[in-house]
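# Here's a sequence, model it:
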Amino acid sequence: MFISALLDRWNGRLASAPACMIGAAIVVFVTSILPAPVLNRVAHLLPASTEPRLVVFAAQAFILASIFAALKVRPGALSSTLLAREGLVAGAWFVLGTLAFSLLVTATMFPRDSGTGNLATLVSIWTRDFPVTGLAGRLMLVGLLVPIFEEFLYRGLILGHLMRSVPAWLALAVTTGLFAAGHDSWVLSGLTGFALGLLYLRYRSVWLCVLVHGAHNLVSSAGATLLVAHLRDQQVFKWVEGPLLPLQLAWLAFVVACLARFVAEVFAKIDGGPRRFLRQRVGITVNTRP
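As a prediction, the model looks like this:
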């Protein structure tokens, strides 16, 4: 009865703004936060031929699919466009900024004797986390499966639905907060969620967000780390001598420039400017027919 009442409220029968926000938080908790500890325990009790991390993901995806079915959300309603050229350009600037920042952090903040200091050691560690599929399994999870799951949940469902009840800026803020709460690094995850939310608000394409999210994950959690480890193996960094602070500041300025260009691309050519853009109320279409 409780779940039925919650779904009725989400579907608009009790479509007040507070109810929608509470419903969004419950959906995130049920799909992303609550199942993880239990599923991790169960997954490791399965036969050795199974992949624990992928089993956990499959269960979470099933929960999300069940919510989509219960809400009668049409998947086609999550995207008014597929991959707009302007959206790809904006997303490329965000991914470039992510790559530059990840390289800066990995190269300067992690010691050489850590897991990022040797390419073979790093791959071995990641392979232990994915005993069946190895590095390919990790890359598939972070670069494809997780972006699809999170973009359909946070941007397609939650952000799209909240915009029907509250202004876009508030829907973006709530979705960003929920996205950050579901990740370990709140600040960086919040900034990423904010950028992906802007992309969805501007171009209304969940698949664009999936593509940018996947590229972001690959360069931040794998690409930059692997590249720095390889460069250390080749002893490239030993040629960098003298004070590093000016170089680091210049690199950081490049990161900021990339992200500023991303924001400029998102807000370019908007009738009424950013203020009107962030005050709009246009959400996903929910099929309420029996």
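# what residue ranges in the stretch 101-250 of the chain score low on pLDDT?
Across the stretch 101-250 of the chain, the stretches falling below the confidence threshold (pLDDT under 70) are 109-118, 235-243.
# those helices in it, which residues are they?
Residue ranges of the helices in the stretch 101-250 of the chain, as given by DSSP state H, counting those that start in this stretch, are 119-129, 134-140, 146-150, 160-162, 168-181, 186-203, 206-218, 224-233, 245-267.
# ok, and the closest residue to Phe267 other than its chain neighbours, which helix or strand is that part of?
Once its chain neighbours are removed from consideration, Phe267 has its nearest residue in Pro274; the separation is 4.8 Å (CB to CB, 6 or more residues apart in numbering). Heads up, the C-betas are built off the backbone N, CA and C, glycines and all. Using DSSP states H and E, Pro274 falls within helix 273-278.
# Could I get the pLDDT score of the residue nearest to Phe267?
Among the per-residue scores, Pro274 shows a pLDDT of 82.
# What number of residues are in the vicinity of it?
13 (other CB atoms under 10 Å).
# if we can go back for a sec, compare the helices of the stretch 101-250 of the chain and report which one is nearest to Arg74.
For these, proximity to Arg74 was assessed by CB to CB; helix 160-162 is nearest, at 11.3 Å.
# Point out the most buried one among the helices of the stretch 101-250 of the chain.
Highest mean neighbour count of these: helix 160-162, a mean of 25 (counted as mean count of other CB atoms under 10 Å).
# What about the closest residue to Phe254 other than its chain neighbours, how many residues nearby?
When the adjacent residues along the chain are set aside, Phe254 lies closest to Ala100, with 5.6 Å between them (CB to CB, 6+ apart). Residue crowding around Ala100 was assessed by other CB under 10 Å; the count is 20.
# cool, and Leu54?
Leu54 has 17 neighbours, counted by other CB under 10 Å.
# does it sit in a helix or strand, and which one?
In this structure, Leu54 is located in helix 52-71 according to DSSP H and E.
# what helices or strands is that helix leaning on?
Judged by 3 or more CB pairs under 8 Å, 6 or more residues apart in numbering; DSSP states H and E, helix 52-71 is in contact with helix 2-8, helix 35-43, helix 146-150.
# ok now the next helix or strand after the first one, how far from the chain's centre?
Scanning forward in sequence from helix 2-8 by DSSP H and E, the next helix or strand is helix 17-28. In terms of CA atoms, centre = their mean, to the nearest Å, the gap separating the centre of helix 17-28 from the centre of its chain is 19 Å.
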